[in-house]
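Undergrad: After the sequence you'll find the predicted model.
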Amino acid sequence: MYDLMKDVKEKMQPAVDVAEINKKAAEKLFALQSEYVTDFVNSCVSQMKALTEVKEPSQAVELQMTYFKSLETKLADIAEKEYDALNEAKDQITEVVEKSLTDLRDNDYVTEMTKYMNDASETVSKYMNEAAEAVAEAPVVAPAAAPAPAKAAKAATPKKAPAKTSRKTTAAAAE
């Protein structure tokens, strides 16, 4: 019999693969950014400490130039790693999409659907024929005679209860 859940799982696998690739790429990018921010904060603290010990303005300018060149190098390195991570994810996603498109092209879904519909039609016809045969073979039973109407029971009329009287009306009646 046709296993719908298995088929849906197979058809959705490329989307699951793409989501997993995106998740891994995002984790890698977050790790790179975290590394960069941590390094940036540490280098800023180190630079501030170094600047507080400088006595000459020319030394401060030299320290700042060295610091900014170092930051530029680190930023370029991190940007290159992020670019590589994004390209790797793009290549993996492209591979998944191309495989999915190849599978779509290779499978003849109209033929598969026609086969499924024919199988389903045959199964329904088989069950309908079996049900019709069962009805035809069943013995005919005459309906039972309707029961005679029951005699209506004489309804007993309830006796009226004496009306309640208050003490005042009883006392007034006694006078």
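TA: Arrived safely, thanks for sending. The model shown is predicted, which means the values in this text are computed figures rather than measured ones.

Undergrad: Let's see the pLDDT reported for Asp108.
TA: Asp108 carries a pLDDT value of 67.

Undergrad: One more: the one 4 residues further on?
TA: pLDDT for Glu112: 73.

Undergrad: and it, how many residues sit next to it?
TA: As a burial measure, Glu112 scores 11 neighbours (other C-beta atoms under 10 Å). Just so you know, the C-beta spots here come from the backbone N, C-alpha and C atoms, and that holds for glycine as well.

Undergrad: mean confidence score for stretch 25-34?
TA: If you average the pLDDT values across stretch 25-34, you get 95.

Undergrad: Show me what counts as buried in that stretch.
TA: 25, 28, 32 (16 or more other C-beta atoms under 10 Å).

Undergrad: got the buried residues for stretch 70-80?
TA: Neighbour-count burial for stretch 70-80 flags 71, 78 (criterion: 16+ other C-beta under 10 Å).

Undergrad: Tally up the residues packed near Val45, please.
TA: Burial of Val45 is recorded as 10 neighbouring residues (other C-beta under 10 Å).

Undergrad: Contact partners for Ala50?
TA: The contact partners of Ala50, taken as C-beta atoms under 8 Å, 6 or more residues apart in numbering, are Leu63.

Undergrad: in what helix or strand does it lie?
TA: Using DSSP states H and E, Ala50 maps to helix 4-52.

Undergrad: Kindly report the same for Glu130.
TA: Assigned by DSSP H and E, Glu130 belongs to helix 109-137.

Undergrad: quick one: that helix to helix 4-52, angle?
TA: Taking axes from the mean of the first three to the mean of the last three C-alpha atoms, to 10 degrees, one finds helix 109-137 and helix 4-52 inclined to each other by 140 degrees.

Undergrad: ok, how many other residues are close to Gln64?
TA: Gln64: 14 surrounding residues under other C-beta under 10 Å.

Undergrad: so Ser100 makes contact with Ala15?
TA: No - here Ser100 lies out of contact with Ala15, judged by C-beta atoms under 8 Å, at a distance of 9.0 Å.

Undergrad: thinking again about what came up before, from the buried residues of stretch 25-34, pick the one nearest Thr114.
TA: Checking the buried residues of stretch 25-34 against Thr114 by C-beta to C-beta gives Ala25 as the nearest, at 40.9 Å.

Undergrad: Quick one: residues contacting Asp39.
TA: By C-beta under 8 Å, 6+ apart, Asp39 lies in contact with Lys74.

Undergrad: quick one: it from Gln47, how far?
TA: To Gln47, Asp39 is 12 Å away according to C-beta to C-beta, to the nearest Å.

Undergrad: Over to Leu29?
TA: 26 Å.

Undergrad: Brilliant, that's me finished.
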